[in-house]
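Chemist: here are the coordinates; sequence isn't available:
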C-alpha cells in the first residue's frame, strides 16, 4: 500500500535518477546492517536481542547525485527530507507559539536534554505526559543527548569512561551524565528521535579525538543497550574531529550498530568551512543509504545546500532564532541587519517574494522600528521569517531532487552565492 | 436598512429594556448636541462650519439599567460595545502579531501619539501609508493625544496656554506639543479615532484642576478647529480630577462641542477606587446618549464591570500585557502569579474553561517553566490569555445587556468578587 503510493508519486516525475526502496527499520532485530559499496571494513554486529516492533520507517524516494529525498515515519507523523528542524532548547522555540511553527510548516522540533533535565526536570515532564504534551507540539520531536551542552555549557568536573560529572550552568549544582542516564532522561522526555550520548572534543586535537572516539563508540553501544522504548528511534553519532581516518572509522562503527538513523556530530564547532565540507564529502558515503542522516547543529543556507549535495537529510540550528534576537534577517544568500539606518523608510519586505507571514504583512521600516524600540515583536517577526527561510529552502531542495533538477539548483545557487552572498 | 437589521436583532430578545436609536454622527455639522435630561446647563455650540461627510455612526442597540450595548461604525469596520481595546504603545501590542490579536477577537487597538511622534516619527508613518498599514492592522485604531504621556513620561519644561514644552524620555531632545500639533500628528498617523490634547493634573489638586480644566476646554476647541480629516473621529475628553462639580462642568462643556464620541480622562491615575466610581456615577449622565463613551486607561475586570454598569462603552489598559511581562495571569476575579512554586506540576490551564489559545493548549506548569526560564513565550502566552480575558469579559457584558440580563450578571459578578476576588 505504502509502496504503491510512493511509486505512483515517483512515476509522475520525468527523467529522474531515483532509487526508491522501502526499508522497515530493523535495528535491534538481529539483521545485518546495510553497508554501501564504499565501506572499507565491517564491525561485528551486536544483537541486543530487544526484538521490538517499531513505528519507524525510512523511505528513500529519490536521489539526484548524492542528494536524497525521503520520508521518515515516526509515531508523531512523517518527516519529509531534506528537513530543517527549529531548535526549542528549553521546550519552546524562542518567541513562537506551536501554531506559528505549524504556519511555517515546521515538520520537527529539536529540544535539549541538558536544559530540560536541569529545568524543569525530565521526571516532571514525564508526569505531565511527556514533552509533546508539555510544549503543545504534536509533530515529531528530536532530543539531543546532552553531550554537546555538557561540554559547551556545563563546567566539566570529571570525564571518565563511565560518564561526565559536571556543574549546572544555572546554579552550580553537581550532576553526572552517563549513556544510561542520558537515555533514561530522553525516555522521560519522550521525543520521537533520541540521540546517543557522545563526547565532543576540540576538533583539532588528534590525541584527544582518538580517546574520545573510543569512548563515544563504547557509549553508543551502552545507549543502544539502555534504550528500551520502541516508540523512540535512537540515532548513532559519528565523531572524529577534522580527521578523515577517524571519521571513517567512526562512520563504520556507528553504521555497524544498525541504528534507525545516523548523525554527524562535532562539525560547525569552529573548524574551517572547507574542513567541514571535506568531512561531509566522506562520511555519508560510509553511512547506510536506507537510514536518514542528520548533520547536527548545522546550519546556514549555504551549509544546508552543501550538506544536501553530500547526502544529508536532517539539519537543525539555533541560528534563525538567535540571529532574530540580534536584529538579523536570513536570506538564502546572506544576512540583513535590519537595525541599519538604510532601512528606516524601506517599504519592501525583508525578502522580495518571500511567502512568510512577516514578509506578507510588514515592511523593513516597521521591523526596524520594532527592533530599534526593543519591542518583542521584532525578534518574533524575524524568527518567523528566518525559520521559514530555512524550512522553505529544504522543501525547495526536496522538490528539486524529486524533479531531478537538484544539480541545476545547486549550480545556480553556488553561482548566485559567489556573486551576491554576504555575511554568511 | 441598518435600522431594520438592528430592530430585527433586538426584537429577538425577550423582556429587554432597550433604547435603540440610530444617530449619524453630526459633529461639525451645526446641529445642536444631544443633552440628556440630567444636564444642568448648556453651552454655546460652536459651529466650526467644517461640514464634512463622515463615515462614523453610533447605534445604541440596547440598554439594561445604565449599561449600554451599541455599535460604532468606522472606516475600518464596526466596533461593538462594550469593547476593550488592547494597547499597542509603539505601534505593536507587546509580543503579539496582528494575527494573534485577530484570534482573540480584538476589535480595536490603541496606539500612543507621544511614542510614535518621537520614534519612528509621524511623518515617516504617513509616508509609509499610515499606522494601519505600518503595523499591519486593518481594523479600527485609536490614538491618544500625547497629553497623558507628556505629563507622565516626558520631562515637562513649560506649560502655557499655547501648549507644553517637554524633553523626550528617549534622548532628552526638546519638543513642543500643542492642540494643533497633536491633531497634525494624529492625522499623520491616521487612526480612526483621535483624541483631544488635554492637561492631566494631580487629581487631588483643586486649584491646579481649575486652571487645567479651562485650558483643556480651550484646547478641545482648538483641536476641533484644527481637525480636518473626515475619516477620523475626534473625541473630546472630560477632566476635573476627583471634584464632582468640575467633572460636571467639564462633561457639559465637552458635550456642547458635539464630538462624535466622548472620553473620561484622568481616572485610574492614583485616586481611590471609590472616588473613581463616584465620578463614574455622575459623568456619563452628563454625556450624550447617542455617542460612545470611552473611559481612558481603565482597566481591571472589576473596573470594566463597574464602568459598564455606569454607561461606559470603551476601555483600554496596558495591564493585560504589562502583567503578562510580570509573570501574572488575569482572571475575572483576581490575578495568578504563575511563577509561584505551587504551579510547578499543575496540569490545569491558567483558567478552567477559558477558550483562549493559551488555556486550550498549555498547562500552568508549562507556563511557569517558561517564565522561570525567562523564555519569550511566557509573556506571549500570558498576554494572549490576559487580553482574551478582558475582551471576552466585554463581549459577555454586551451579550448580557442585549439579553436584558446585565443586572443579574452584575450582581453575580460582585457577589463572586467579594467572596473570591483577590489581588485586584
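Modeler: Nice, I can see it. What you see is a predicted model, and the numbers here were worked out from it, not measured in a lab. Numbering: from 1, shown residues only, chains lettered A, B, ... in the order given.

Chemist: Nearest residue to residue A:128 in space, please, no chain neighbours.
Modeler: Spatial nearest neighbour of residue A:128, excluding adjacent residues (CB to CB, 6 or more residues apart in numbering or on different chains): residue A:134 at 5.1 Å. Every residue, glycine included, has its C-beta placed from N, CA and C.

Chemist: quick one: what helix or strand has the one you found in it?
Modeler: Counting by DSSP states H and E, the element that carries residue A:134 is helix A:131-135.

Chemist: what helices or strands is that helix leaning on?
Modeler: Packing contacts for helix A:131-135, counted by 3 or more CB pairs under 8 Å, 6 or more residues apart in numbering or on different chains; DSSP states H and E, involve strand A:109-111, strand A:141-143, helix B:364-372.

Chemist: Now do the next helix or strand after the longest one: distance to the chain's middle.
Modeler: Okay, so that is helix B:364-372. Going down the chain from helix B:364-372, the next helix or strand is helix B:377-402, by DSSP H and E. Helix B:377-402 sits 15 Å away from the centroid of its parent chain (CA atoms, centre = their mean, to the nearest Å).

Chemist: Just checking helix B:377-402 against chain A, any contact.
Modeler: Yes - Helix B:377-402 comes into contact with chain A (CB under 8 Å from any CB of the partner chain), by way of B:377, B:379-381.

Chemist: these two touch, right, residue A:387 and residue A:104?
Modeler: Yes - using CB atoms under 8 Å, residue A:387 makes contact with residue A:104 at a distance of 5.4 Å.

Chemist: Looking at the two, which one has more neighbours?
Modeler: More neighbours surround residue A:387 than the other of residue A:387 and residue A:104, with 28 against 23 (other CB atoms under 10 Å in any protein chain shown).

Chemist: tell me the pLDDT at the more buried one?
Modeler: Predicted confidence (pLDDT) for residue A:387: 98.

Chemist: related to what we said a few turns ago, so who does the residue nearest to residue A:128 touch?
Modeler: Going by CB atoms under 8 Å, 6 or more residues apart in numbering or on different chains, residue A:134 touches A:91, A:125, A:128, B:363, B:365-366, B:369.

Chemist: can you do 7 Å?
Modeler: A:91, A:125, A:128, B:366 (CB atoms under 7 Å, 6 or more residues apart in numbering or on different chains).

Chemist: ok, so of these, who is nearest residue B:234?
Modeler: residue B:366 (45.3 Å; CB to CB).

Chemist: lowest-pLDDT helix or strand in chain A?
Modeler: helix A:2-11 (a mean of 30; mean pLDDT, DSSP states H and E).

Chemist: Report the separation between the residue lying farthest from the centre of chain A and residue A:361.
Modeler: Distance from the C-alpha centroid of chain A, by CA atoms, centre = their mean, peaks at residue A:345 (37.5 Å). Going from residue A:345 to residue A:361 by CB to CB, to the nearest Å gives 18 Å.

Chemist: ditto for residue A:163
Modeler: Relative to residue A:361, residue A:163 is positioned 49 Å away (CB to CB).

Chemist: Who has more neighbours out of those two?
Modeler: residue A:163 (23 against 17).

Chemist: Leaving out chain neighbours, which residue sits closest to that one?
Modeler: The nearest residue in space to residue A:163 (CB to CB, 6+ apart) is residue A:178, at 3.2 Å.

Chemist: Any residues of the stretch 51-200 of chain A in contact with chain B? List them.
Modeler: Residues of the stretch 51-200 of chain A lying near chain B by CB under 7 Å from any CB of the partner chain: A:90-92, A:94-95, A:97-99, A:119-120, A:124, A:127-128, A:134-136.

Chemist: what's in contact with stretch A:203-218?
Modeler: Contacts for stretch A:203-218 (CB under 7 Å, 6+ apart): A:161, A:198-199, A:201-202, A:237, A:239-243, A:246, A:250, A:253, A:266, A:269-271.

Chemist: sorry, back to before: quick one: closest of the helices and strands packed on helix A:131-135 to residue B:76.
Modeler: Using CB to CB as the measure, helix B:364-372 is the one of the helices and strands packed on helix A:131-135 that comes nearest residue B:76, at 33.0 Å.

Chemist: Which other helices and strands does the closest one contact?
Modeler: Applying 3 or more CB pairs under 7 Å, 6 or more residues apart in numbering or on different chains; DSSP states H and E, we find helix B:364-372 packed against helix B:377-402.

Chemist: what are the ranges of the strands in the stretch 151-300 of chain A?
Modeler: Per DSSP state E, counting those that start in this stretch, the stretch 151-300 of chain A carries strands over the ranges A:155-159, A:164-167, A:174-177, A:193-195, A:233-238, A:262-264, A:293-295.

Chemist: Select, out of the ones you listed, the one closest to residue B:290.
Modeler: Closest approach to residue B:290 among the strands of the stretch 151-300 of chain A (CB to CB): strand A:193-195, 63.8 Å.

Chemist: Parallel or antiparallel, list what pairs with the closest one.
Modeler: Its sheet considered, strand A:193-195 pairs with strand A:141-143 (parallel), strand A:233-238 (parallel) by DSSP bridges.

Chemist: follow-up on the earlier one: tell me which two of the residues of the stretch 51-200 of chain A next to chain B sit farthest apart.
Modeler: It's A:95 and A:127 that sit farthest apart of those, by CB to CB, at 26.8 Å.

Chemist: higher neighbour count, the two?
Modeler: Using other CB under 10 Å, the more surrounded residue of residue A:95 and residue A:127 is residue A:95, with 24 against 14.

Chemist: Spit out the contact partners of the closest residue to that one other than its chain neighbours.
Modeler: Distances taken as CB to CB, 6+ apart place residue B:376 nearest to residue A:95, at 4.0 Å, with adjacent residues excluded. Applying CB under 7 Å, 6+ apart to residue B:376 gives the contacts A:94-95, A:376.

Chemist: Okay, residue A:359 and chain B: tell me how far apart.
Modeler: 11 Å (CB to the nearest CB, to the nearest Å).

Chemist: Centre of the chain to the helix or strand hosting that residue, how far?
Modeler: Assigned by DSSP H and E, residue A:359 falls within helix A:357-361. In terms of CA atoms, centre = their mean, the centre of helix A:357-361 is found 26 Å from the chain centre.
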